[in-house]
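Chemist: Curious how this folds, go ahead:
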Amino acid sequence: MKGSGGSSKKRAGVAEAALARQIVDAPFMLKTEGIHKKSDDWLLEIIPTAAGGTLKSLLAEFPKAAALLAGLAEYSPYLWGLVTEDPKRLLTLLQCDPEKHFGVLLAKTETGVGATTDQTEVM
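Modeler: Sure thing, here's the model as predicted:
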């Protein structure tokens with residue numbers, strides 16, 4: 001998912017390589033009326049949190065990311081559960097450079113696996 005290549009300036013304090021910028025389309029939804037209700041209601045619940053206010057602003061600035069989130073809310077219970085369980089993680093993912101973030105996660109995993117001899121702990 002590559003960005004549209006338009007403006008190079010930062011929007012919503014989000015870096016050029018951020019995932020939110022790279023989302024250029026969202027899945028086609030058969031149901032369009034009220035599709036954002038579930039995700040909008042959730043955002044209203046978490047507005048008082050640090051991540052909530054920032055997420056609301058970020059999703060307003062990047063409507064394709066908001067549409068993708070609405071799709072998760074309606075059609076992907078597992079992914080929606082991950083989103084609602086940890087809004088800060090969602091914010092981190094949307095603001096990060098996915099390539100760099102994945103490298104950091106792999107390095108942390110490698111370090112953690114190397115620090116134990118217990119296969120159960122690794123799993």
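
Chemist: Spell out, range by range, the helices that occur in the chain.
Modeler: 19-22, 37-46, 50-61, 63-75, 77-85, 87-95, 98-114, 119-122 (DSSP state H).

Chemist: Can you lay out those as JSON lines showing mean neighbour count, distance to residue 30 and mean pLDDT?
Modeler: No exception for glycine: its C-beta is placed from N, CA and C like everyone else's. Putting the helices of the chain into JSON lines (neighbours: other CB atoms under 10 Å; distance: least, CB to CB, whole Å; pLDDT from 0 to 100) gives the following:
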{"stretch": "helix 19-22", "mean neighbour count": "22", "distance to residue 30": "25", "mean pLDDT": "89"}
{"stretch": "helix 37-46", "mean neighbour count": "15", "distance to residue 30": "16", "mean pLDDT": "94"}
{"stretch": "helix 50-61", "mean neighbour count": "17", "distance to residue 30": "22", "mean pLDDT": "93"}
{"stretch": "helix 63-75", "mean neighbour count": "20", "distance to residue 30": "10", "mean pLDDT": "92"}
{"stretch": "helix 77-85", "mean neighbour count": "13", "distance to residue 30": "17", "mean pLDDT": "96"}
{"stretch": "helix 87-95", "mean neighbour count": "17", "distance to residue 30": "25", "mean pLDDT": "94"}
{"stretch": "helix 98-114", "mean neighbour count": "11", "distance to residue 30": "28", "mean pLDDT": "86"}
{"stretch": "helix 119-122", "mean neighbour count": "9", "distance to residue 30": "41", "mean pLDDT": "79"}
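
Chemist: right, and those - which one's nearest residue 28?
Modeler: helix 63-75 (9.0 Å; CB to CB).

Chemist: Show me what the closest one is packed up against.
Modeler: Judged by 3 or more CB pairs under 8 Å, 6 or more residues apart in numbering; DSSP states H and E, helix 63-75 is in contact with helix 37-46, helix 50-61, helix 77-85.

Chemist: quick one: which of these is nearest residue 107?
Modeler: Proximity to residue 107 (CB to CB) singles out helix 77-85 among those, at 21.7 Å.
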